[in-house]
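In: sharing a model that was predicted from the sequence below.
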Amino acid sequence: MAQTRHDWYQTESHVVVEILLKNQKADDVNVNFTSDTLSVTVKLLSGDYNLDLMLAHDIHPEKSSYKVLSSKIEIRLAKTQAVRWSSLVRKDGATAGVEPKMVGPNQISDMPRYPSSCTKAHDWDKLEKEIERMEKEEKPEGEQAVNELFKKIYQDGDDEVRKAMNKSFVESGGTVLSTNWGDISQRKVEVKPPDGTEFKKFT
């Protein structure tokens with residue numbers, strides 16, 4: 001069996017699992033969801049890659065989805081309740097459940113807090129262009145740096161910036177991230193996968 005690394009992080013509404021396999025074809029990737037399991041199979045020249053997880057908490061299979069990107073396979077698991085997951089997989093002998101600590105509407109549970117006394121307006125367009133530049137360069141540390149930048153934008157932004165980021169990310173299936181609440185507040189954000197990628201939603 002081929003070995004590879006997978007990472008995960010969470011937002012208020014989703015748990016995101018990233019399988020770090022590059023340049024995979026969508027037809028070679030099979031992802032199955034149930035209310036408490038995740039199963040992934042990827043056809044590789046060196047042998048199939050398999051990931052079977054008994055999830056720590058229940059999810060909405062019909063609202064979960066995945067994308068095959070040039071640098072990774074990204075799987076978005078829709079939470080049934082807005083609670084913080086302390087782990088991705090269920091501990092031996094445990095049953096799927098929820099933790100009492102609730103996630104507030106203006107908080108992403110896994111994001112570190114950045115102390116800041118800055119009161120001036122942020123140039124969000126400049127930040128978004130910086131993100132695009134980092135993604136195009138595809139340096140080994142690029143994706144981690146992009147994730148950190150997203151976290152900093154969210155932490156330093158006001159309520160409207162956070163609402164815009166949450167709404168655009170959820171409605172677009174993770175393909176669009178906007179900080180302009182005035183632009184997206186009255187419309188649904190459409191799915192816009194990057195060029196050369198394919199967006200698949202579980203049905």
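Out: That came through, no problem.

In: which strand runs longest in the chain?
Out: strand 59-68 (DSSP state E).

In: that one pairs with which strands, parallel or anti?
Out: According to DSSP bridges, strand 59-68 forms sheet pairs with strand 73-79 (antiparallel), strand 198-201 (antiparallel).

In: which residues does Gly182 contact?
Out: Residues near Gly182 by C-beta atoms under 8 Å, 6 or more residues apart in numbering: Glu160. The way it works is simple: take the backbone N, C-alpha and C, and place the C-beta from them, glycine included.

In: any idea of the mean pLDDT for stretch 186-202?
Out: Stretch 186-202 comes out with an average pLDDT of 67.

In: so for the longest strand of the chain, what's the average pLDDT?
Out: 96.

In: now swap in stretch 23-39 and tell me
Out: 94.

In: any chance you could list what contacts it?
Out: For stretch 23-39, the surrounding residues in contact (C-beta under 8 Å, 6+ apart) are 17, 40-44, 50-55, 57-61, 64, 66, 68, 70, 73, 75, 77, 80, 90, 96, 198, 200, 202.

In: what subset of those residues is buried?
Out: With burial judged by 16 or more other C-beta atoms under 10 Å, the buried subset of the contacts of stretch 23-39 is 17, 40, 42, 51, 53, 55, 57-59, 61, 64, 66, 68, 73, 75, 77, 90, 202.

In: pretty sure Leu21 contacts Lys43?
Out: No: checked against C-beta atoms under 8 Å, the pair Leu21 and Lys43 is beyond contact range at 10.6 Å.

In: thinking again about what came up before, can you give me the offset of the longest strand of the chain from its chain's centre?
Out: Remark: strand 59-68 is offset 11 Å from the chain centroid, using C-alpha atoms, centre = their mean, to the nearest Å.

In: just stretch 81-93 next, same as before
Out: 16 Å.

In: again with stretch 62-74
Out: 9 Å.

In: ends of that stretch, what's the gap?
Out: End-to-end distance for stretch 62-74: 16 Å, by C-alpha to C-alpha, to the nearest Å.

In: now stretch 35-48
Out: Terminal residues of stretch 35-48 are spaced 24 Å apart (C-alpha to C-alpha).

In: SS state for Glu148?
Out: Secondary structure state of Glu148, per DSSP: H, G, I helix; E, B strand; the rest coil, is helix.

In: now it: how far from Lys192?
Out: Separation of Glu148 from Lys192 (C-beta to C-beta, to the nearest Å) stands at 23 Å.

In: which one's more surrounded, the two?
Out: A side-by-side neighbour count of Glu148 and Lys192, using other C-beta atoms under 10 Å, places Glu148 first with 14 against 11.

In: cool, thanks, signing off.
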